[in-house]
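J.: One predicted model, sequence on top.
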Amino acid sequence: MEAPKTTVVILTLILVNSDIFIPRTSSEGVTAEEAVQLRDEVREMFYHAFDGYMEHAFPRDELKPLSCGGEDTLGGYALTLIDSLDTLALLGDKERFSTSVEWIGKNLQFDINKTVSVFETTIRILGGLLSAHLIASDYNTGMRVPSYDDELLHLAEDLGRRMLPAFDTPTGIPFGSVNLRHGVDQNESKITSTAGGGTLTLEFGVLSRLTNDPIFEQLTKNAVRGIWARRSRINLVGAHIDVFTGEWTQKDAGIGTSIDSFYEYLLKAYLLFGDEEYVFIFQEAYKAAMHYLYNDPWYVEVNMNSAALVWPLFNSLQAFWPGLQVLAGDLEPAIRTHAAFFSVWKKYGFTPEGFNLATLSVQRGQKSYPLRPELIESTYWLYKATRDPRYLDAGRDMLASLQSSARCTCGYCHIADVEAHSQEDHMESFFLAETVKYLWLLFDLAAGPDNLVENGPYKYIFSTEGHLLPATPQISLVREHCLYFGAYCRSSDLRLETNISIIAKDPREMNSNGSYSCPGAACSLSRFNPQNSPPMSGLIKQGFCPGITHGQRFGIQYAASADENHHDEPSAQRSENVVQSHSVVVISNHNAELASPQPSAQIDHDKDSEPNDPVSAVPPEEERQPGVSKEL
């Protein structure tokens, strides 16, 4: 049922006229000298927490920063050290990076009787091992460890194989947990989150390409297909799904809790691997999100079938979205949304886990700030894209909040209540893997960058845990399957049309119609050099070879759920639409400053401005393992 227009108007007026949405403001100005000082302060922040962990918690998983103890929260295998490896490399700390790599190679093993989260183990442990391996084994990074002999890669492969039993389901969507010695327990829950099943492609894909075993990449890609095939008729996905039946057990669609990184990995898997199937899905999923979830400048949660508003809530995991929009080139909504999200930080000094947009207050039961990185991450990407000094001001404010309220005896503490600023005796590993990393990158960029990401030999894709995955030829060009910009279908004369206007190509490769053809039958892409690739001003638009549909080409057909009836579908009679069109541009050169997106390939976000009645009830709380899951 549609909400009365008066309800929508009132909610819109509250959001626009309140001080919770702060639009573009004048900058106080962080000077270059201050940027250097702030960068050095972040470096000290890292070592205060890292040294606290190594002295009081290692080799346990995480630090208890108030009591100066340790705790095992994932598998009992030095989680924080593994998660911190590429941050040590980014800071240029060759001595500690080398020592840590050598210790892990000699002492870590995964033949243990522990049941672990597939999602968390993949993004934190597998991603950390792979990123560190790629840095430690490559002279070009300047961090090559002389004694290193692929020990971390062998550990990563062993860990990956121990998680493969989780994918043995009728849908291809993995179980949420797996025992590293015995596989999936017979009593394991068959319900998993969309993020948990759809955020594995980067790490497993890199593992496949480094080990020359396609099984890891194939299974995680099938999991994405399994989720996307069960999307609603309006291209939204729910929060939780039964991995055996494929039925959605929670049909709330949003960009935050339990779904967030599903969207993230669709785009990033394309950027890293060049597999156009991911970008086709991303385009459809992104368009639906902007149409049904975007209530400028906020995002709401709706029923995946009917688009009926479930509840208007900003949750802290949504804060990654503006950064993802920068990667997609959709800057205008990213700027507005970041301003809105940051206004919540300014109000409380931190972002609570939940902020109710109807009452403009912290959501009951969601008052904590567990040192999350997402808003800082988006601040870094927006500064990188615009060089607007307001983002340095935002970073300075966020650093000040952490220093004044989260710093504690041996590290940095969770904030239990953003209103009272009370501390909790816990420090997530992602604080060192992401929160500190993005802050340091932000100020280093302003100070004159000198690090692997900005000045290194490769373009890097950041995993959802902030791990550095380089677009080396071994990873990005291994298959050479004609999956890149301007390429064509291999097995027929059907061309893959593009809207890319300024990629520097040899004019001899251009056809009379202005498109490009593969240079040979094998469509080798060895001529594509990721280190010197020109910037792109467009994104593949149609998403399929002419004459066949996306579903026909890839076998991803829409599969309606058994309980999806006509009355669930969104009403054709909507209120007045506010049509917002944004150019979407995949950025291939992250070292260059980004100009405004060019209108070469548009996704039209035909956002309905009339959401349904907000619901005041608090949804049931999720069951959580110890610690704060990235997917929850």
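T.: Arrived safely, thanks for sending. Numbers count the residues shown, from 1 in each chain.
J.: hang on, Thr169 packs against Gly246?
T.: No. In this structure, Thr169 is not within contact of Gly246 by CB atoms under 8 Å, at 9.4 Å. The C-beta positions use only the backbone N, C-alpha and C, and glycine is treated the same way.
J.: quick one: low-confidence ranges for the stretch 451-600 of the chain?
T.: 478-600 (pLDDT under 70).
J.: For the stretch 151-300 of the chain, just list every one of the helices.
T.: Using DSSP state H, counting those that start in this stretch, the helices found in the stretch 151-300 of the chain span residues 151-163, 194-198, 201-211, 215-228, 260-273, 276-292.
J.: The stretch 401-550 of the chain too?
T.: Ranges of helices in the stretch 401-550 of the chain, per DSSP H, counting those that start in this stretch, are 430, 436-447, 452-455, 473-476, 550-554.
J.: any chance of those in JSON lines, with distance to Leu399 and mean neighbour count too?
T.: Putting the helices of the stretch 401-550 of the chain into JSON lines (distance: least, CB to CB, whole Å; neighbours: other CB atoms under 10 Å) gives the following:
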{"stretch": "helix 430", "distance to Leu399": "17", "mean neighbour count": "28"}
{"stretch": "helix 436-447", "distance to Leu399": "6", "mean neighbour count": "25"}
{"stretch": "helix 452-455", "distance to Leu399": "19", "mean neighbour count": "17"}
{"stretch": "helix 473-476", "distance to Leu399": "33", "mean neighbour count": "19"}
{"stretch": "helix 550-554", "distance to Leu399": "44", "mean neighbour count": "15"}
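J.: Looking at those, spot the one closest to Tyr383.
T.: helix 436-447 (5.9 Å; CB to CB).
J.: Residues in contact with the closest one: which ones?
T.: Applying CB atoms under 8 Å, 6 or more residues apart in numbering, the contact partners of helix 436-447 are 30, 32, 35-36, 38-39, 42-43, 45-46, 49, 87, 90-91, 373, 376-377, 379-380, 383-384, 391-392, 395, 398-399, 450-451, 453-454, 466.
J.: C-alpha coordinates for it, PDB please?
T.: Output in PDB follows, covering the C-alpha atoms of helix 436-447 (Å, rounded to 0.1, in the frame of the first residue of the first chain):
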ATOM      1  CA  VAL A 436      43.500   3.900  10.400                       C
ATOM      2  CA  LYS A 437      44.500   3.000   6.800                       C
ATOM      3  CA  TYR A 438      42.000   5.300   5.100                       C
ATOM      4  CA  LEU A 439      42.700   8.100   7.500                       C
ATOM      5  CA  TRP A 440      46.400   7.900   6.800                       C
ATOM      6  CA  LEU A 441      45.800   7.700   3.000                       C
ATOM      7  CA  LEU A 442      43.600  10.800   3.200                       C
ATOM      8  CA  PHE A 443      46.200  13.000   4.800                       C
ATOM      9  CA  ASP A 444      49.100  11.500   2.900                       C
ATOM     10  CA  LEU A 445      47.400  12.300  -0.300                       C
ATOM     11  CA  ALA A 446      47.100  16.000   0.800                       C
ATOM     12  CA  ALA A 447      50.700  16.000   2.100                       C
END
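J.: How about the secondary structure of the residue nearest to Asp417 when sequence neighbours are not counted?
T.: Leaving aside its sequence neighbours, Asp417 sits nearest to Lys367 (CB to CB, 6 or more residues apart in numbering; 4.6 Å). Classification of Lys367 using DSSP: H, G, I helix; E, B strand; the rest coil returns coil.
J.: returning to that earlier point: tell me which of the contacts of helix 436-447 fall in helices.
T.: Using DSSP state H, the members of the contacts of helix 436-447 that fall in helices are 32, 35-36, 38-39, 42-43, 45-46, 49, 87, 90, 376-377, 379-380, 383-384, 391-392, 395, 398-399, 453-454.
J.: Which residues are in contact with the spatially closest residue to Leu382 that is not a sequence neighbour?
T.: Nearest in space to Leu382, with sequence neighbours left out and distances taken as CB to CB, 6+ apart, is Tyr391 at 5.2 Å. Going by CB under 8 Å, 6+ apart, Tyr391 touches Thr379, Tyr380, Leu382, Tyr383, Leu442.
J.: mind redoing it with 7 Å?
T.: Thr379, Leu382, Tyr383 (CB atoms under 7 Å, 6 or more residues apart in numbering).
J.: Report the contact partners of the first one.
T.: The one in question is Thr379. Counted by CB under 7 Å, 6+ apart, Thr379 has contacts Tyr391, Ala394, Gly395, Leu442.
J.: can you map out the helices along the stretch 1-150 of the chain?
T.: Listed in chain order, the helices of the stretch 1-150 of the chain (DSSP H, counting those that start in this stretch) span 5-17, 32-56, 79-90, 94-107, 118-120, 127-136.
J.: Now tabulate the ones you listed in CSV and tack on mean neighbour count, distance to Ala416 and mean pLDDT.
T.: Below are these laid out as CSV (neighbours: other CB atoms under 10 Å; distance: least, CB to CB, whole Å; pLDDT from 0 to 100):
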stretch, mean neighbour count, distance to Ala416, mean pLDDT
helix 5-17, 14, 28, 32
helix 32-56, 18, 18, 97
helix 79-90, 27, 20, 98
helix 94-107, 17, 31, 98
helix 118-120, 25, 22, 98
helix 127-136, 28, 27, 98
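J.: Can you tell me the closest non-neighbouring residue to Ala132?
T.: Leu85 (3.8 Å).
J.: Also Ile376?
T.: The nearest residue in space to Ile376 (CB to CB, 6+ apart) is Tyr438, at 4.6 Å.
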